[in-house]
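[1] curious how this folds, go ahead:
(chains A and B)
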Protein chains: 2
Amino acid sequence: METSGKLYMIPNVLGEHAVELAFPAHNRQVICEIRHFAVEKIKPARRLIRLLDKEKGIDDCMFYEMESVDTSKINTQIVKIIKNGESVGVISDAGCPGIADPGATLVRHCQDEGIEVVPLVGPSSILLALMASGLNGQHFCFHGYLPKEEAARKQHLEKLIRDELKSGSAHIFIETPYRNDHVLQSMLQVMPDSLRICIAADILTSQQNIRTKTIKAWKKDLPVLKGRQVIFILGAPA
Amino acid sequence: METSGKLYMIPNVLGEHAVELAFPAHNRQVICEIRHFAVEKIKPARRLIRLLDKEKGIDDCMFYEMESVDTSKINTQIVKIIKNGESVGVISDAGCPGIADPGATLVRHCQDEGIEVVPLVGPSSILLALMASGLNGQHFCFHGYLPKEEAARKQHLEKLIRDELKSGSAHIFIETPYRNDHVLQSMLQVMPDSLRICIAADILTSQQNIRTKTIKAWKKDLPVLKGRQVIFILGAPA
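    Predicted coordinates:
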C-alpha cells in the first residue's frame, strides 16, 4: 500500500518579492517536491513557485482554485490525491494560508480524513504587526474587517470600548486599501484620546512603517493610508 | 549627528535546532550586525546567535535581561543605545518575542521614543497551529493560560461556551507541559461533544503532531500530553 501524502500550508510573499526576508530555505525544498497546489488564485501562486524554484516545470503543475464554483468537489479531489500518495501545497495570494485568507475549509476536510497537515514558517502581517506594536501579545483578538458602513462601524467600535478594551487585550483589524483612511477617521472620532493605535503599513516592503501612538498623537499627525496594506491594532489606554 | 539604530524583534527556535525550517536568510544578516541584545534569558539567546552566526564574537556581545530587577532602567538604557546609533535585537526563549513572551514593554518604550521597530519572520507556534488546525482563521482570540485551579478553569471554559464560541471564532490557549493533560480533561468534561479541538504538540520538532477532532472523537482516543509543548485551539461545533 502506498503511503499517504501530506497537506503543506505554504506562506506567500507580502507585497514585494523579498524571498530572503520572508522564507526559510526549507520552503523551497517543499515546493520542489510538490506538483499539486490548492490556491486562492493561480497567478500569485505561480509567482511564488517561480520565485522559490526557478527550475520548476511549472506547466506540469496542477492548480486547484479553492473558492471556485464547487468547493466541496475540489476538497474531495485534493483528499483523493493525498490518499493516493502525493502531497498538496496550499498557497493564498499573500501571507499565511488559512489566516485571514482561504485554506481553512480544505484543512478541516483533511483533518477529518486523518491527513497530516504541515504548516511552513513565513510572513504573517498580523503577527509581524503585533510583534512590533508594543501592544498586548499575551491576550489578543483578530477580528478581520470592521463594518463597511460608517454608522455601523462606529457602533462596533463603541461596543468594543465598552465591552473589551478595558481588559487590556489588543484588537487587530484589517481593511481594504481604499477604505483605510475612513476606518482611521472612525477610530479617531470614537475612541478615547488616551487609547493607543498601532498602524502597521506595507509590512516587509521597502515602504514598511509600523508606528504606535495614542489617539491624541495621531490626531496631530494624520497619515495618508489610501492604497497601502494596513493592519490596525487597538490597545489599552497608555 | 549620528543616525539612530533600530529595535529588531528576532524570533528564536521552537524546541529543536531546525534553523533551515525556521528562519529566512535575512535573520542571520541582522544577527551578524548587532552586538546588543535584550533577552528573556541569556542562555537561549546565546544559543540562537551561535546557531545563526557561528563566527560571531559572542563574548563581545552585551546582554540585557528584560525582566530582571529593574525593567524600567533596562528600557531606558536600551533606548539610549539605539539613539546613540547602535541597533538592539530582542530575543525571547522560544518563538516570537512580544507574542506570549516578553518584549512588548520594551517595544512600547521604543515606539514612544519614535524608534523604528523591525519585526523579523520566524516561527510562532500559535500561528503555525492555527494554520494547520482548519479552525477559524478569519476571527480568533489568543487567551494565554487557563486558570490553574480546576473549578476556576471549568468555570472559565463554561463562560467561553456561553458567550463566545457560538460566534464561530477560534480560541487559542497555551499551557505549561506538566499541566496539559489536566487542561484537556477539563475541556473534555465541560465542552459539548460536537465541538472541535485542535491539539498542536511539539511544533517544528521531529515529534510535531497537529490534530483537530471533535470532543467526542478525542474522548475515544485520549492522547498523553504531559511534558510536550502544546497549543490548544477550540473551534465551533462541526
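[2] domain-wise, how is chain A divided?
    Annotated domains of chain A cover A:7-119, A:125-237 [automatic domain parsing].
[3] kindly reformat those as a markdown table and extend each row with mean neighbour count.
    Using the backbone N, CA and C atoms, a C-beta is placed for each residue, glycine as well. As requested, these are exported to a markdown table (neighbours: other CB atoms under 10 Å in any protein chain shown):
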| stretch | mean neighbour count |
| --- | --- |
| domain A:7-119 | 19 |
| domain A:125-237 | 18 |
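[4] adding distance to B:Cys32, write those domains out as JSON lines.
    Putting the domains of chain A into JSON lines (distance: least, CB to CB, whole Å) gives the following:
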{"stretch": "domain A:7-119", "distance to B:Cys32": "14"}
{"stretch": "domain A:125-237", "distance to B:Cys32": "20"}
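[5] can you lay out the ones you listed as JSON lines showing distance to chain B and mean pLDDT?
    Below are these laid out as JSON lines (distance: least, CB to the nearest CB, whole Å; pLDDT from 0 to 100):
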{"stretch": "domain A:7-119", "distance to chain B": "3", "mean pLDDT": "94"}
{"stretch": "domain A:125-237", "distance to chain B": "3", "mean pLDDT": "94"}
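[6] thought A:Lys6 was touching A:Leu120, still the case?
    No - assessed by CB atoms under 8 Å, A:Leu120 is found out of contact with A:Lys6, at 11.2 Å.
[7] tell me which of those two has more neighbours.
    Neighbour tally, A:Leu120 and A:Lys6, criterion other CB atoms under 10 Å in any protein chain shown: the higher count belongs to A:Leu120, 24 against 17.
[8] need the per-residue pLDDT for the more buried one.
    A:Leu120 is assigned a pLDDT of 97 by the prediction.
[9] any idea how far it is from chain B?
    8 Å (CB to the nearest CB, to the nearest Å).
[10] contacting residues for that residue?
    The contact partners of A:Leu120, taken as CB atoms under 8 Å, 6 or more residues apart in numbering or on different chains, are A:8-11, A:23-24, A:26-27, A:30.
[11] recalculate using a threshold of 7 Å.
    A:8-11, A:26-27, A:30 (CB atoms under 7 Å, 6 or more residues apart in numbering or on different chains).
[12] ditto for A:Val117
    The contact partners of A:Val117, by CB under 7 Å, 6+ apart, come to A:7, A:9, A:107, A:110-111, B:132, B:210.
[13] among those residues, name the ones in strands.
    Among the contacts of A:Val117, the members falling in strands (DSSP state E) are A:7, A:9, B:210.
[14] rebuild those as a markdown table, extending it with distance to B:Ile233.
    Below are the ones in strands among the contacts of A:Val117 laid out as a markdown table (distance: CB to CB, whole Å):
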| residue | distance to B:Ile233 |
| --- | --- |
| A:Leu7 | 17 |
| A:Met9 | 14 |
| B:Ile210 | 10 |
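[15] out of the residues you listed, the closest to B:Pro177 would be?
    Distances from B:Pro177 to the ones in strands among the contacts of A:Val117, taken as CB to CB, are shortest for B:Ile210 (16.6 Å).
[16] what ranges do the helices span in chain A?
    A:19-22, A:25-33, A:42-52, A:71-83, A:104-112, A:125-133, A:150-163, A:180-190, A:215-220 (DSSP state H).
[17] how close does A:Thr176 sit to A:Gln229?
    Distance, A:Thr176 to A:Gln229, using CB to CB, to the nearest Å: 10 Å.
[18] what do you get for A:Ala25?
    In terms of CB to CB, A:Ala25 sits 26 Å off from A:Gln229.
[19] A:Asp163 too?
    Per CB to CB, A:Asp163 is found 29 Å from A:Gln229.
[20] please apply the same query to A:Met66.
    Look at A:Met66 and A:Gln229: by CB to CB, they are 22 Å apart.
[21] that older thread, which two in the contacts of A:Leu120 are spaced the farthest apart?
    Greatest spatial distance in the contacts of A:Leu120: A:Met9 and A:His26, 13.0 Å, computed using CB to CB.
[22] if we can go back for a sec, any idea which of the contacts of A:Leu120 is closest to A:Pro147?
    Taking CB to CB as the measure, A:Pro147 sits nearest to A:Pro11 out of these, at 28.7 Å.
[23] surely the closest one is in contact with A:Pro123?
    Yes - contact criterion CB atoms under 7 Å: A:Pro11 and A:Pro123 qualify, at 6.0 Å.
[24] between these two, what contacts are shared?
    The contact lists of A:Pro11 and A:Pro123 share A:Gly95, where a contact means CB under 7 Å, 6+ apart.
[25] how about the contacts made by the nearest residue to A:Cys141 once chain neighbours are set aside?
    Nearest residue to A:Cys141 in three dimensions, chain neighbours excluded: B:Cys141, at 4.2 Å (CB to CB, 6 or more residues apart in numbering or on different chains). Listed by CB under 7 Å, 6+ apart, the contact set of B:Cys141 reads A:141, B:169, B:171-172.
[26] quick check: bridge partners of B:Cys141?
    In this entry, B:Cys141 is beta-bridged to A:Cys141, B:His171, by DSSP bridges.
[27] let me know the distance separating it from A:Tyr8.
    Distance of B:Cys141 to A:Tyr8, computed by CB to CB: 26 Å.
[28] contacts only, for A:Glu67.
    Neighbouring residues of A:Glu67 by CB under 7 Å, 6+ apart: A:40, A:102.
[29] for it, what are phi and psi?
    Note on A:Glu67: its backbone torsions stand at phi -110, psi 30 [degrees, to the nearest 10].
[30] quick check: it vs B:Asp70, distance?
    53 Å.
[31] same check, this time on A:Tyr145
    Counting by CB to CB, the gap from A:Tyr145 to B:Asp70 is 42 Å.
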